[in-house]
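**Q** Fold the following, please.
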Amino acid sequence: MVYADQSHHVDFESSAALLPAALDTLTAPGADDFGGLAEQVYFKLLLAATYTDDPWAWRALERHRENVSEAGRLCLRAWTEPGPDVAATLRAVAGNMTEEQEAGAAWLLLWTASALDCPEGDLWQRFTGLHGYATQGSVAKAKCHQDFLLGHWDQAPVCLREAEIADELGYHCNALMFRQSYAHFLAGRGDEAGLQEVEQAIRPTATRARMRYVLDRLTHLRGLAALAHRRYEEAYAHFCEITPPGRLSSGLPWHHALVFDLVTAAVHTGRHEDARAHLAAGRTARSAEISGRHTFLFAAATAVAAEDDEADAVYRAAYAVPTPSGGLSTSPGCGSPTVRGCADATGREPARCCAWPTTCSAASRPPPGPTGARRS
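**A** This next block holds a predicted model:
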């Protein structure tokens with residue numbers, strides 16, 4: 001029932017009613033876990049918690065932390081305490097897995113990578129072809145998100161094709177998530193008409209299901225699109241709907257990835273104290289240590305907010321930080337003029353240009369070519 005409600009009906013009410021008690025039974029001393037069923041139930045409870053942010057789900061997950069596998073404990077840590085060692089532990093745990101392990105372990109590890117925004121190509125490749133659509137849908141979601149993180153803009157239509165396949169199979173929650181992934185590409189390109197169309201298609205369902213995971217991201221993407229068109233005040237308002245400057249909520253790791261966009265909007269609207277407060281919160285939370293992408297985002301945000309007498313050195317330091325795709329390009333279109341007013345974005349004055357991450361603004365990125373443009 002829970003599986004059908006989550007996957008097919010995009011409904012998490014039965015998760016609250018049934019999953020905690022089911023875990024109590026499956027993890028009781030001497031109980032039969034029915035071939036990894038406890039791990040699958042734990043994963044479904046993690047989905048309910050991360051999608052809705054309901055306190056009851058987080059409490060149940062914490063109560064059973066020590067009763068589940070290392071993959072289950074790691075996934076909970078990734079969504080509640082995304083510390084610097086989680087990504088390394090993820091790779092170690094995945095490396096020790098065998099093809100004979102149950103589907104629940106694969107789902108947990110893929111969801112762990114999603115929490116960290118880790119482009120784990122080896123991870124999703126390991127599970128390709130295993131366990132049927134339940135696992136393959138998770139692999140496809142991981143692949144779509146990885147393509148976005150790595151700037152593989154030509155792969156955006158794949159998200160829509162996967163959404164159509166999911167709808168045909170009745171996996172409407174997956175279809176919603178694939179369309180959300182597609183919306184990331186649209187916002188990164190500044191395609192506000194396309195973004196609005198996708199949002200109108202998925203926001204009502206996400207609102208009914210109380211999916212904060214989706215609603216926060218749609219708000220973020222609205223802000224990102226406004227940022228792409230240099231409507232900084234509007235972008236700042238959207239970002240502050242998610243989290244106020246200087247605050248990073250636990251259990252919501254996507255707030256850490258907001259740092260660059262919020263700081264950029266704050267600086268462009270003259271809110272330098274807000275920008276510094278948010279960076280201070282990130283340092284306290286050790287946001288930069290979560291993954292390579294977070295390291296890059298935090299370095300770029302620090303450069304944007306740097307005082308004038310520090311700017312040159314801080315920008316050079318930001319350009320030295322590798323992106324998840326392997327390096328930061330200073331070619332045309334990969335730098336955006338900041339409030340310090342660099343002459344252009346050609347790389348002639350790299351210390352005066354902002355190192356935009358994969359989700360850089362449409363205004364500073366060349367339009368996709370016939371086969372799609374990729375970040376270098």
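
**Q** C-alpha from now on. contacts and neighbour counts both.
**A** Will do.

**Q** What helix or strand is residue 44 located in?
**A** Per DSSP states H and E: residue 44 is located in helix 37-52.

**Q** That helix - contacts with which helices or strands?
**A** On a contact count with 3 or more C-alpha pairs under 8 Å, 6 or more residues apart in numbering; DSSP states H and E, helix 37-52 meets helix 13-26, helix 55-63, helix 70-80, helix 103-116, helix 212-228.

**Q** Between those, which has the poorest mean confidence score?
**A** Across the helices and strands packed on helix 37-52, helix 103-116 has the smallest mean pLDDT, namely a mean of 82.

**Q** Just the buried residues of it, please?
**A** Judged by neighbour count (16 or more other C-alpha atoms under 10 Å), helix 103-116 contains these buried residues: 103-116.

**Q** Kindly reformat the residues you listed as a markdown table containing distance to residue 232.
**A** Output for these, formatted as a markdown table (distance: C-alpha to C-alpha, whole Å):
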| residue | distance to residue 232 |
| --- | --- |
| 103 | 44 |
| 104 | 43 |
| 105 | 42 |
| 106 | 41 |
| 107 | 38 |
| 108 | 38 |
| 109 | 37 |
| 110 | 35 |
| 111 | 33 |
| 112 | 33 |
| 113 | 31 |
| 114 | 28 |
| 115 | 28 |
| 116 | 27 |
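
**Q** quick one, strands of this structure?
**A** 335-337, 353-355 (DSSP state E).

**Q** Worst mean pLDDT among these?
**A** strand 335-337 (a mean of 32).

**Q** can I get the helices and strands packed on helix 37-52 in JSON lines with distance to residue 181?
**A** As requested, the helices and strands packed on helix 37-52 are exported to JSON lines (distance: least, C-alpha to C-alpha, whole Å):
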{"stretch": "helix 13-26", "distance to residue 181": "24"}
{"stretch": "helix 55-63", "distance to residue 181": "25"}
{"stretch": "helix 70-80", "distance to residue 181": "19"}
{"stretch": "helix 103-116", "distance to residue 181": "12"}
{"stretch": "helix 212-228", "distance to residue 181": "10"}
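
**Q** Between those, which one is closest to residue 321.
**A** helix 103-116 (17.9 Å; C-alpha to C-alpha).

**Q** how big is the angle separating that closest one from helix 70-80?
**A** Interaxial angle of helix 103-116 relative to helix 70-80 (axes from the mean of the first three to the mean of the last three C-alpha atoms, to 10 degrees): 20 degrees.

**Q** and helix 103-116, what does it pack onto?
**A** helix 37-52, helix 70-80, helix 86-95, helix 121-127, helix 133-149.

**Q** Can you mark which positions in the longest one are buried?
**A** Meaning helix 133-149. 135-149.

**Q** Kindly report the same for stretch 146-160.
**A** So for stretch 146-160, counting by 16+ other C-alpha under 10 Å, buried means 146-156, 158-160.

**Q** For these, which two are the farthest from each other?
**A** Pairwise distances across the buried residues of stretch 146-160 peak at 18.1 Å for 150 and 160 (criterion: C-alpha to C-alpha).

**Q** Isn't residue 49 up against residue 60?
**A** No. With contact defined as C-alpha atoms under 8 Å, residue 49 does not reach residue 60; the gap is 9.5 Å.

**Q** what about the two, which has more around it?
**A** Higher neighbour count among residue 49 and residue 60: residue 49, with 27 against 20, using other C-alpha atoms under 10 Å.

**Q** Quickly note the distance from the more buried one to residue 201.
**A** Remark: distance between residue 49 and residue 201 (C-alpha to C-alpha, to the nearest Å) = 23 Å.

**Q** cool, and residue 281?
**A** On the measure of C-alpha to C-alpha, residue 281 and residue 201 end up 35 Å apart.

**Q** Residue 109 too?
**A** For residue 109 relative to residue 201 (C-alpha to C-alpha), the value is 29 Å.

**Q** Repeat that for residue 104.
**A** Counting by C-alpha to C-alpha, the gap from residue 104 to residue 201 is 30 Å.

**Q** now swap in residue 300 and tell me
**A** Residue 300 is 33 Å from residue 201, by C-alpha to C-alpha.

**Q** between those two, who's got more neighbours?
**A** residue 300 (27 against 14).

**Q** so the more buried one touches residue 316, yeah?
**A** No. Between residue 300 and residue 316 there is no contact under C-alpha under 8 Å: 10.0 Å.

**Q** Which of the helices and strands packed on helix 103-116 has the lowest mean pLDDT?
**A** It's helix 121-127: among the helices and strands packed on helix 103-116, that one has the lowest mean pLDDT, namely a mean of 62.

**Q** Can you report how many residues lie near the nearest residue to residue 68 once chain neighbours are set aside?
**A** Of all residues not flanking residue 68 in the chain, residue 39 sits nearest, at 6.5 Å (C-alpha to C-alpha, 6 or more residues apart in numbering). Residue 39 sits with 26 neighbouring residues when counted by other C-alpha under 10 Å.

**Q** Could you do residue 314 as well?
**A** 22.
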